[in-house]
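> need the 3D shape of this:
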Amino acid sequence: LCSEQLSQQYHYDFGMRAVKSVLSMAGRLKREQPFLKEDMVLIRAMKNSNIPKFLEGDVPLFEAIVKDLFPGINLPPIDYSEFYKAIDESLKLLNYQKDEDFISKVLQLYATNEVRFGVIIMGQTLTGKSGIRKTLLETLNILQKKKPSEYPKVCSKELNPKSITMAQLYGSLDPATYEWSDGLASTIMRDFVEKEEVEELEQNWVIFDGPIDAMWVENMNTVLDDNMTLCLANGERIKLKPNMRLLFEVGDVWGCSPATISRCGMIYMASNVLKWRQLTTSWLDSMQTKYPDIIEPKIKEHLETLLDRRVDKALAARARHCREPIPMVTNNVIISFCRLFEALYIRLSGIQPAQAPPEGKLFEMKKKVAEKVFVFSLAWGLGGSIDTESFLKFDTNMAQDYSPSELPQGQFITDFYPDVRPEAPYGEFVDWEKVIQPFEFDRNKSYFDLVVPTKDTMRYSWLLKTNLLAGNPVFFTGVTGVGKTIIADSQIRKMCEEIDFNFETIAFTFSSKTSSQQTQNSLEDKLDRRQKSVLTGHNGKSVALFIDDINMPAYD
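Sure, this is the predicted structure:
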């Protein structure tokens, strides 16, 4: 019935392995609650096995199918009070926010992990895939300390399978010398298998955090089925233990065959599991911890009010009017806004105003500065990734909602920036046109190194400098010939030449054929090695990596 009536999704599986997982979960539930009726056990097992992988619209249909098959049966509520308390502790420890959708996914992962050897957590970027996994790991370790006879202690090791070659992942045999070089995945699995001191209920997780493709994941089929055996090219067979688990965090499963999908439990992370308000609340908490003298309780409260009033409107305007050359998820642009605000506001707060405010007016001044930086950061954080035509519509729509104290009327938000110079009025908006430097011709420079200052070059150079000083990554995108390379290169070189900035740059180009080993060698050659795994810039300088002309890796 499910395969016929629910939507057709590539990650859905209703075959014999899915039936087996339902029976396994039913057996586990019956052992835990022997007095529960069998039909109730079966309903709960069906729901626990299937609901985690469904899209939001398919859940009511599945509930209706189950209700038709088992009419008049109401399940008693499960007592998760002990588990909820441990989840609350782990959320505080990780600086995550309490949310029912998020917690339900943690519980789904726990239930699936108990009956499946391999689990795929699937969803877009920034939907909380790593978040639910880290929360569950911390929760189980907290419960294990309280009740060591009931809950397992969890150890985990994480790797990105797409950052290395197949030979580096599973190992390779040298055709000339027949010498075997072990791979990363095989080494991790062997270490867990040969672990000497293993507690009775200990679980060992191997986490593959990266895209799935048929080249490496099909070698896992013998691991994911009942054999639980990794077969290597040198003839070695590593028999994995029942207390081990394989977790895959992926954006999609198009690289998987139906055989691989049927072998794994599936957790689907919808975009509404991790909400933008959870991110901003955690961000404000972390800022208050790092800068207690700057982010005072009143300032934090005012920022929360601004977030509630402004962000949803700006996101709605962005979705309604704007087009993105490179699509971004909502949480991604919110993080861009948070990073830019923090970089600017902390920098401004470290400057003593040229004129001290009147007595009792210091908070009002800080409040106005926070509002101006908020407006500016929201415009560039949410609007930085959209095209020029959409950007003007977005800017106009946003500017209509602000008062004269927050923004000069009749102007675009992006025509101004908050002045961070010590001699300037504290946090006042300055027109970009007023700070454009006159062009000076230098005969010694190549024609391609000359930059004629315009409003756009000033804006993008200033944003690049602000983010680099705060340690934030920056991505410039645009069609060929619009000046991405020259703006970034000239600003980074200028920062390297100035005495105030202890900077140096390493430049290289990515192509579809660039390997991780080539990138690693290029970086190591240009850095000083302080320890075995610690590399630094020359003479302790900060290093800016300038990657020119990024091309995505070729599909396998």
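> ok now stretch 83-94, how far from the chain's centre?
20 Å (C-alpha atoms, centre = their mean, to the nearest Å).
> check stretch 137-154 too.
On C-alpha atoms, centre = their mean, the centre of stretch 137-154 falls 26 Å from that of its chain.
> send me it as CSV with only the CA atoms.
Only the C-alpha atoms of stretch 137-154 are listed here, as CSV (Å, rounded to 0.1, in the frame of the first residue of the first chain):
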residue,chain,number,x,y,z
LEU,A,137,26.1,10.7,20.9
GLU,A,138,26.2,13.1,23.9
THR,A,139,22.8,12.0,25.1
LEU,A,140,23.8,8.3,25.2
ASN,A,141,27.1,9.1,26.9
ILE,A,142,25.2,11.1,29.6
LEU,A,143,22.7,8.3,30.1
GLN,A,144,25.5,5.7,30.2
LYS,A,145,27.1,7.5,33.2
LYS,A,146,23.8,7.4,35.0
LYS,A,147,22.7,3.9,34.1
PRO,A,148,25.7,2.0,32.7
SER,A,149,23.7,-1.3,32.6
GLU,A,150,21.0,0.1,30.2
TYR,A,151,22.7,2.5,27.8
PRO,A,152,25.8,2.2,25.7
LYS,A,153,28.9,4.3,25.8
VAL,A,154,29.5,5.7,22.2
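> contacts made by that stretch with the rest, please.
82-83, 86-87, 89-90, 93-94, 106, 110, 156, 199, 201-205, 243 (C-beta atoms under 8 Å, 6 or more residues apart in numbering). All C-beta atoms are positioned from the backbone trio N, CA, C, and that covers glycine.
> in helices only, show me those.
82-83, 86-87, 89-90, 93-94, 106, 110 (DSSP state H).
> just send those back as JSON lines, with distance to residue 522 and pLDDT too.
Below are these laid out as JSON lines (distance: C-beta to C-beta, whole Å; pLDDT from 0 to 100):
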{"residue": "82", "distance to residue 522": "51", "pLDDT": "87"}
{"residue": "83", "distance to residue 522": "48", "pLDDT": "88"}
{"residue": "86", "distance to residue 522": "45", "pLDDT": "92"}
{"residue": "87", "distance to residue 522": "43", "pLDDT": "93"}
{"residue": "89", "distance to residue 522": "44", "pLDDT": "93"}
{"residue": "90", "distance to residue 522": "39", "pLDDT": "94"}
{"residue": "93", "distance to residue 522": "38", "pLDDT": "93"}
{"residue": "94", "distance to residue 522": "34", "pLDDT": "93"}
{"residue": "106", "distance to residue 522": "40", "pLDDT": "93"}
{"residue": "110", "distance to residue 522": "43", "pLDDT": "89"}
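> list the buried residues for stretch 507-524?
residue 514 (16 or more other C-beta atoms under 10 Å).
> any weak-confidence spans in the stretch 201-350 of the chain?
350 (pLDDT under 70).
> okay, now residue 61: neighbour count?
Residue 61 has 15 neighbouring residues, counting by other C-beta atoms under 10 Å.
> ok, it to residue 105 distance?
Distance of residue 61 to residue 105, computed by C-beta to C-beta, to the nearest Å: 20 Å.
> once you drop chain neighbours, what's closest to residue 313?
Once flanking residues are discounted, residue 313 sits nearest to residue 401: 6.5 Å by C-beta to C-beta, 6 or more residues apart in numbering.
> what's the local residue count around that neighbour?
Neighbours around residue 401, by other C-beta under 10 Å: 14.
> is it correct that it falls within a helix?
No. Counting by DSSP: H, G, I helix; E, B strand; the rest coil, residue 401 is not found in a helix; it is coil.
> isn't it right up against residue 311?
No. Using C-beta atoms under 8 Å, residue 401 makes no contact with residue 311, being 11.7 Å away.
> returning to what we had before: tell me the one among the ones in helices among the contacts of stretch 137-154 nearest to residue 39.
Among the ones in helices among the contacts of stretch 137-154, residue 110 lies closest to residue 39 (C-beta to C-beta), at 23.8 Å.
> so the closest one touches residue 132, yeah?
No. Taking contacts as C-beta under 8 Å, residue 110 lies outside contact range of residue 132: 9.4 Å.
> hmm, back to that, would you mind checking the contacts of stretch 137-154 for buried ones?
83, 86-87, 90, 106, 110, 156, 201-205, 243.
> need these in TSV (columns: distance to residue 512).
TSV is the format used below for the buried ones among the contacts of stretch 137-154 (distance: C-beta to C-beta, whole Å):
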residue	distance to residue 512
83	46
86	46
87	43
90	41
106	38
110	40
156	32
201	46
202	43
203	39
204	36
205	33
243	41
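> what helix or strand does residue 248 sit in?
Using DSSP states H and E, residue 248 sits within strand 244-250.
> what packs against that strand?
strand 118-123, helix 129-146, helix 184-193, strand 203-209 (3 or more C-beta pairs under 8 Å, 6 or more residues apart in numbering; DSSP states H and E).
> read off the pLDDT value for residue 358.
Listed pLDDT for residue 358 reads 58.
> returning to what we had before: just the ones in helices among the contacts of stretch 137-154 now: which is nearest residue 443?
Of these, the one sitting nearest to residue 443 (C-beta to C-beta) turns out to be residue 94, at 57.4 Å.
> contact partners for the closest one?
For residue 94, counting by C-beta under 8 Å, 6+ apart, the contacting residues are 131, 134-135, 138.
> sort out which one of those lies nearest residue 468 for me.
Nearest to residue 468 among these, with distances taken as C-beta to C-beta, is residue 131, at 28.0 Å.
> count of residues packed around the closest one?
21.
> that one reaches residue 99, doesn't it?
No. If you go by C-beta under 8 Å, residue 131 and residue 99 don't touch, sitting 10.2 Å apart.
> which residues in the stretch 351-500 of the chain form helices?
362-383, 388-399, 455-469, 484-497 (DSSP state H, counting those that start in this stretch).
> what are the ranges of the strands in the stretch 251-400 of the chain?
264-269 (DSSP state E, counting those that start in this stretch).
> let me redo that: the stretch 451-556 of the chain
503-509, 528-531, 534-536, 542-548.
> highest average neighbour count across the helices of the stretch 351-500 of the chain?
Burial of the helices of the stretch 351-500 of the chain is given as mean neighbour count (mean count of other C-beta atoms under 10 Å); helix 362-383 ranks first at a mean of 20.
> distance between that helix and the chain's centre?
The answer for helix 362-383 is 25 Å, by C-alpha atoms, centre = their mean.
> show me what that helix is packed up against.
helix 297-321, helix 330-349, helix 388-399, strand 416-418.
> ok so, going back, nearest to residue 56, out of the strands of the stretch 451-556 of the chain?
Per C-beta to C-beta, nearest to residue 56 of the strands of the stretch 451-556 of the chain: strand 542-548, 37.2 Å.
> given the closest one, what are its sheet partners and their directions?
strand 503-509 (parallel) (DSSP bridges).
> taking helix 455-469 as reference, get the angle to the partner strand.
Angle of strand 503-509 versus helix 455-469, following axes from the mean of the first three to the mean of the last three C-alpha atoms, to 10 degrees, is 110 degrees.
> restricting to C-alpha, output strand 503-509 in PDB.
What follows is strand 503-509, C-alpha atoms only, in PDB (Å, rounded to 0.1, in the frame of the first residue of the first chain):
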ATOM      1  CA  PHE A 503      48.900  38.900   6.700                       C
ATOM      2  CA  GLU A 504      50.300  36.800   3.900                       C
ATOM      3  CA  THR A 505      48.500  35.100   1.000                       C
ATOM      4  CA  ILE A 506      48.700  31.700  -0.700                       C
ATOM      5  CA  ALA A 507      47.100  31.600  -4.200                       C
ATOM      6  CA  PHE A 508      46.200  28.600  -6.200                       C
ATOM      7  CA  THR A 509      43.600  27.500  -8.800                       C
END
